[in-house]
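Asks: sequence isn't available, so here's the structure alone:
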């Protein structure tokens, strides 16, 4: 039997200040980029899982990831995310804009989620992974 697993990320756990707010935000964002709910606090794209756990506001731990970039399957997905973010009055960082110095066709929008985590949704047709 062939092993169904390949090297990569199994899951990402987000510690958040407000679980309900985070699940609502990602519950609307993720379907735009092809992710789906696994249960009340977890989402998947079919290869990776992201889940959320509420932590006390005064909880302190080590520094975390700078940002997470999600693949968009087309520039139109990036535009749809940007339009949704504007309707949410989300904290926009930049975009959507082309970033040809990263790779030809690189098209991105960067923003913060309700916890201040920096996220990116990018169409990267010529990026080497």
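Replies: Looks like it arrived, so ask away. As the structure is a computational prediction, the values presented were derived from the model and not from experiment.
Asks: in a helix, residue 20, correct?
Replies: Yes. Counting by DSSP: H, G, I helix; E, B strand; the rest coil, residue 20 falls inside a helix.
Asks: now for it: which residues touch it?
Replies: Not one residue lies near residue 20 by Cβ atoms under 8 Å, 6 or more residues apart in numbering. The C-beta positions use only the backbone N, C-alpha and C, and glycine is treated the same way.
Asks: list the buried residues of the helix or strand encompassing residue 119.
Replies: Assigned by DSSP states H and E, residue 119 belongs to strand 118-123. For strand 118-123, the neighbour count (16 or more other Cβ atoms under 10 Å) marks 119-123 as buried.
Asks: what's the closest of those residues to residue 82?
Replies: Closest to residue 82 out of the buried residues of strand 118-123 is residue 121 (8.3 Å), distances taken as Cβ to Cβ.
Asks: and the pLDDT at residue 61?
Replies: According to the prediction, residue 61 has pLDDT 62.
Asks: got it, and residue 3?
Replies: 53.
Asks: which residues touch the residue nearest to residue 124 when sequence neighbours are not counted?
Replies: Excluding the flanking residues, the one nearest residue 124 by Cβ to Cβ, 6 or more residues apart in numbering is residue 106, at 5.2 Å. For residue 106, the contacting residues are 98-100, 122-124, 126-127, by Cβ under 8 Å, 6+ apart.
Asks: any idea which helix or strand comes after the top strand by length along the chain?
Replies: Identified as the longest strand of the chain according to DSSP state E is strand 91-98. Moving toward the C-terminus from strand 91-98, the next helix or strand (DSSP H and E) is strand 107-112.
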